[in-house]
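S.K.: sharing a model prediction with you, sequence too.
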Amino acid sequence: CQNSEPSETNEPSETPSSSTNDKSETGSETQDSTLPIEDTEYGRGAESDGEDTNAQEAPTRMISDDANSIIIYFSRSGNTQNLARMIYNEVGGDMLELTVTDPYPSDYRQAVERANEERDNQEYPKINTDIPDLSQYDTVYLGYQTWAMTLSNPMISFLMGHGSNLSGKTIYPFSTNAGYGEGNTIERIEELAPDASVATSFSIQDEDLLDNQDQVTTWLNEHQSQRVN
Ligand SMILES: Cc1cc2nc3c(=O)[nH]c(=O)nc-3n(C[C@H](O)[C@H](O)[C@H](O)COP(=O)(O)O)c2cc1C
């Protein structure tokens, strides 16, 4: 089932949309609300909303003047967005959802065909997101999905355009997949952002995500000492 709940994730960072599982009373100083986790379709055949924003929402954009970390992600059918939100709900900071000028078809097969064609022709999609000045961030949580056992095409586009702006930062790669793992995505990130430091990644099968918040927490805790917010 696709998402039907309205959302306000394009609100400014001071007021991200809250949800019924708001943890604000127990949250850290840098975070005062949580983002909702949505229903998504999984694996082969997963339809999208045709906008790559998951349920006709505006893409998530929460940018502040002073956060040290940002979560940057693309999500066609919502699974990586859920993982991004699970991370946000623990670490806070800023958040930026990438979209492309011409969104992928909602039909899975058509999306795969287009993605294959783009990859064969090395013509990756144009990013439609205004990328803010990234200099304030030490830490970038980078979220994508496995496509053809490598980085999804929009993430390749983002890193081709902005990988050099990640110099000196620590990238925490996180991804979802349909059961085949993260492929060579880490090697590709290292190639496309050669002057960033790439930390241990976290990848999970889409259908297992919502039952495994503890795995996300464990991964984040492993990096706790390096995290600023
Ligand atoms: C074009 C395309 C190619 C995919 N290729 C793979 C793949 O090679 N291996 C894999 O495990 N999953 C693959 N998947 C499945 C997605 O990685 C998986 O469903 C993921 O959770 C989708 O994330 P999203 O909902 O954030 O877009 C592919 C999906 C699409 C649309």
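M.R.: Now that the structure is in, tell me what you want to look at.

S.K.: phi, psi for Pro139 please.
M.R.: Just so we're on the same page, residue 139 is Thr rather than Pro. phi -120, psi 130 (degrees, to the nearest 10).

S.K.: for this structure, which residues are neighbours of the ligand?
M.R.: Counting by C-beta under 6 Å from any ligand atom, the positions of the chain adjacent to the ligand are 40, 43, 46, 75-81, 108, 111-112, 115, 145-149, 176-180, 206. Placement of C-beta: from N, CA and C, glycine included.

S.K.: contact partners for the most centrally placed residue in the chain?
M.R.: By C-alpha atoms, centre = their mean, the chain has its centre lying nearest to Tyr73, at 2.5 Å. Counting by C-beta atoms under 8 Å, 6 or more residues apart in numbering, Tyr73 touches 80-81, 84, 96-98, 141-144, 174.

S.K.: rerun that using 10 Å as the cut-off
M.R.: Listed by C-beta atoms under 10 Å, 6 or more residues apart in numbering, the contact partners of Tyr73 are 59-60, 80-81, 83-85, 87-88, 95-98, 141-145, 154-155, 158, 174-175.

S.K.: mind listing which of these are in helices?
M.R.: Counted as lying in helices by DSSP state H, out of these, are 80-81, 83-85, 87-88, 154-155, 158.

S.K.: quick revisit: now, of the residues of the chain next to the ligand, which are buried?
M.R.: 40, 46, 75-81, 108, 111, 115, 145-147, 176-178, 206 (16 or more other C-beta atoms under 10 Å).

S.K.: where exactly do the strands run in the protein?
M.R.: For the chain, the strands defined by DSSP state E cover 61-62, 69-73, 94-97, 139-147, 150-151, 170-177, 197-198, 202-205.

S.K.: quick one: the ones you listed as a markdown table, columns for mean pLDDT too.
M.R.: As requested, the strands of the chain are exported to a markdown table (pLDDT from 0 to 100):
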| stretch | mean pLDDT |
| --- | --- |
| strand 61-62 | 96 |
| strand 69-73 | 98 |
| strand 94-97 | 98 |
| strand 139-147 | 98 |
| strand 150-151 | 98 |
| strand 170-177 | 98 |
| strand 197-198 | 98 |
| strand 202-205 | 98 |
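
S.K.: could I get these as CSV with distance to Gln215?
M.R.: Converted to CSV, the strands of the chain look like this (distance: least, C-beta to C-beta, whole Å):
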stretch, distance to Gln215
strand 61-62, 24
strand 69-73, 17
strand 94-97, 21
strand 139-147, 15
strand 150-151, 21
strand 170-177, 11
strand 197-198, 19
strand 202-205, 7
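
S.K.: of those, which approaches Pro103 most closely?
M.R.: Closest approach to Pro103 among these (C-beta to C-beta): strand 94-97, 12.4 Å.
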